[in-house]
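Chemist: here is a sequence with its predicted model. Questions after.
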Amino acid sequence: MRLEVLRHWTTKLLKREITYYDYVMFLLRRIFVKMQTTYNTHLKKVNYIDRSQGKEVGVVILTGLYPITWDVVFRRVYEFSGNFDVTVLNAGGLNREKAIRLSEEFGFSYLEGTPNNYVALQNYYIMNSSHKIIIKMDDDVFLTNYTLKNLLDAYKRLREAGFDIGFVAPVLNVNNVTYYHFLKTLDLLSEYEALFEKAIFIRNWTKQAIWLDPQVARWIWERSLPLNETAEKFNYKNKEQIDVIPVRFSIQLILFEKSFLEFIGGMVSPGPKFLGDENPQETPQNNIKLPRLLVPFGDEESMNFFADIYMAGRFIALDSFAGHLAYAPQRFYMIEWFKNNKEKFVEDIRK
């Protein structure tokens, strides 16, 4: 806090132009912002195995809930990220041996941090990275031969056109915004709406079958495989097309600039995730609406919030396609479905 600002507010208080409550809130807000900015990268211990090669773009795989998919997800990243450095982020060291083994097998860098604070680990990597462009993806996202290439091409066209960029995303099949573009591109809108519901993405995610219903996720995936064949359709039908994202977006895979994260002070870290029990602050019985409105805790909330308030666009590269396995309510069902259909996820990349 600058001394002249503190002096100004103190003078106003002494002159009774503001109340004591105003003054206390002024102090608390600035203390909170200072502490939160520092906390955004707070980790007790970091283990980094560096295999980067100095590429311009860094791909980050955020591991966590889907170790069952890692061998396929990593394989597809390896096949389709030849011009990028890849780093595996493992907050809390979950399934450490498997994560380290696969990272070494595919030549990826590996970054582990404790405690299990996935937002702080992302911030730590980004703030210390030499990469100017970052592509973040979750561990249940399956790349295609056009995903990264067309995503980066779209970003470059937007940048050359003079847009400020929050992030650029591909069309993800199970995503409560881009599922609409998936259906539209593949001429599936009428069939989907006859079976499930009208495809409207400008409404709360909890009201959408694409977020809630595992049968919808399965139906979408049955029309997504083989992934590269589907990607060819997007590359052909939507070549160099870009759309604006008008609402909050689920950031299963996004491209953004390191400078944007530096500008906002990093994604707002909510703290470690607790394993084996429920975080009492996250139960429906507790009133968390007010704090969540005041502060955009989390990576997804932060990216959407700061993109909006700083008028940095959120964009979809309509010729870039990738698969996202499932949302939380669909997870267990879709993990079993993945196990039973695993071969279909690699048949398009076999030599």
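Modeler: Everything's here; your move. Computed from a predicted model, the values in this text were never measured in an experiment.
Chemist: every contact and neighbour count from this point should use C-alpha atoms.
Modeler: Noted.
Chemist: in contact with residue 115, which residues?
Modeler: The contact partners of residue 115, by Cα atoms under 8 Å, 6 or more residues apart in numbering, come to 43-45, 91-92, 272.
Chemist: next one: residue 193
Modeler: residue 199.
Chemist: follow-up on the earlier one: most neighbours among the contacts of residue 115, which one?
Modeler: residue 91 (26 neighbours; other Cα atoms under 10 Å).
Chemist: ok, that one to residue 46 distance?
Modeler: 10 Å (Cα to Cα, to the nearest Å).
Chemist: next: residue 25.
Modeler: Distance, residue 25 to residue 46, by Cα to Cα: 35 Å.
Chemist: same question for residue 88.
Modeler: As judged by Cα to Cα, residue 88 and residue 46 stand 13 Å apart.
Chemist: now do the shared contacts for the two.
Modeler: residue 111.
Chemist: quick one: which of those two has more around it?
Modeler: Legend: neighbour count by other Cα under 10 Å for residue 88 and residue 46, higher for residue 88 (24 against 14).
Chemist: helix, strand, or coil at that one?
Modeler: strand (DSSP: H, G, I helix; E, B strand; the rest coil).
Chemist: so residue 100: helix, strand or coil?
Modeler: Quick answer, by three-state DSSP: residue 100 is helix.
Chemist: quick check: the two most widely separated of the contacts of residue 115?
Modeler: 45 and 272 (13.2 Å; Cα to Cα).
Chemist: coming back round to it: overlap in contacts, residue 91 and residue 46.
Modeler: By Cα under 8 Å, 6+ apart, the residues touching both residue 91 and residue 46 are 112-114.
Chemist: isn't residue 71 up against residue 100?
Modeler: No. Using Cα atoms under 8 Å, residue 71 is not in contact with residue 100, being 11.8 Å away.
Chemist: the two - which one has more neighbours?
Modeler: Shown here are residue 71 and residue 100; by other Cα under 10 Å, residue 100 has more neighbours (19 against 15).
Chemist: which one is that one nearest to, not counting chain neighbours?
Modeler: The spatial neighbour of residue 100 that comes closest, neighbours along the chain excluded (Cα to Cα, 6 or more residues apart in numbering), is residue 110 at 6.8 Å.
Chemist: helix or strand for that neighbour, which one?
Modeler: If you go by DSSP states H and E, residue 110 is part of strand 109-114.
Chemist: now do the helices in the stretch 251-351 of the chain.
Modeler: 258-264, 289-294, 299-309, 331-341 (DSSP state H, counting those that start in this stretch).
Chemist: out of those, which is closest to residue 190?
Modeler: helix 331-341 (24.0 Å).
Chemist: thinking again about what came up before, what's the mean pLDDT across the strand holding residue 110?
Modeler: For strand 109-114, the mean per-residue pLDDT is 97.
Chemist: what helices or strands is that strand leaning on?
Modeler: strand 45-49, strand 85-91, helix 96-106, helix 118-128 (3 or more Cα pairs under 8 Å, 6 or more residues apart in numbering; DSSP states H and E).
Chemist: out of the ones you listed, indicate the one that is most buried.
Modeler: strand 85-91 (a mean of 25; mean count of other Cα atoms under 10 Å).
Chemist: pLDDT on stretch 88-97, on average?
Modeler: pLDDT averaged over stretch 88-97 gives 96.
Chemist: first-to-last residue distance for that stretch?
Modeler: Terminal residues of stretch 88-97 lie 13 Å apart, using Cα to Cα.
Chemist: got it, and stretch 199-207?
Modeler: Length of stretch 199-207, first residue to last, Cα to Cα: 11 Å.
Chemist: could you do stretch 153-167 as well?
Modeler: End-to-end distance of stretch 153-167 (Cα to Cα): 13 Å.
Chemist: how distant is it from the center of its chain?
Modeler: Computed by Cα atoms, centre = their mean, to the nearest Å, the chain-centroid distance of stretch 153-167 equals 18 Å.
Chemist: that one: which residues count as buried?
Modeler: The neighbour-count check on stretch 153-167 (16 or more other Cα atoms under 10 Å) flags 154-155, 158, 165-167 as buried.
Chemist: same question for stretch 258-269.
Modeler: For stretch 258-269, a neighbour-count test (16+ other Cα under 10 Å) marks 258, 260-261, 265-269 as buried.
Chemist: what does stretch 143-150 give?
Modeler: Residues 143-148, 150 are the ones in stretch 143-150 that count as buried (16+ other Cα under 10 Å).
Chemist: kindly report the same for stretch 206-219.
Modeler: Of the residues in stretch 206-219, 208-214, 216-218 count as buried by neighbour count, 16+ other Cα under 10 Å.
Chemist: equivalent analysis for stretch 311-325, please.
Modeler: So for stretch 311-325, counting by 16+ other Cα under 10 Å, buried means 312-325.
Chemist: kindly present those residues as JSON lines, with separate columns for pLDDT and distance to residue 333.
Modeler: JSON lines is the format used below for those (pLDDT from 0 to 100; distance: Cα to Cα, whole Å):
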{"residue": "312", "pLDDT": "98", "distance to residue 333": "37"}
{"residue": "313", "pLDDT": "98", "distance to residue 333": "35"}
{"residue": "314", "pLDDT": "98", "distance to residue 333": "31"}
{"residue": "315", "pLDDT": "98", "distance to residue 333": "30"}
{"residue": "316", "pLDDT": "98", "distance to residue 333": "28"}
{"residue": "317", "pLDDT": "98", "distance to residue 333": "29"}
{"residue": "318", "pLDDT": "98", "distance to residue 333": "28"}
{"residue": "319", "pLDDT": "98", "distance to residue 333": "29"}
{"residue": "320", "pLDDT": "98", "distance to residue 333": "27"}
{"residue": "321", "pLDDT": "98", "distance to residue 333": "23"}
{"residue": "322", "pLDDT": "98", "distance to residue 333": "20"}
{"residue": "323", "pLDDT": "98", "distance to residue 333": "16"}
{"residue": "324", "pLDDT": "98", "distance to residue 333": "14"}
{"residue": "325", "pLDDT": "98", "distance to residue 333": "10"}
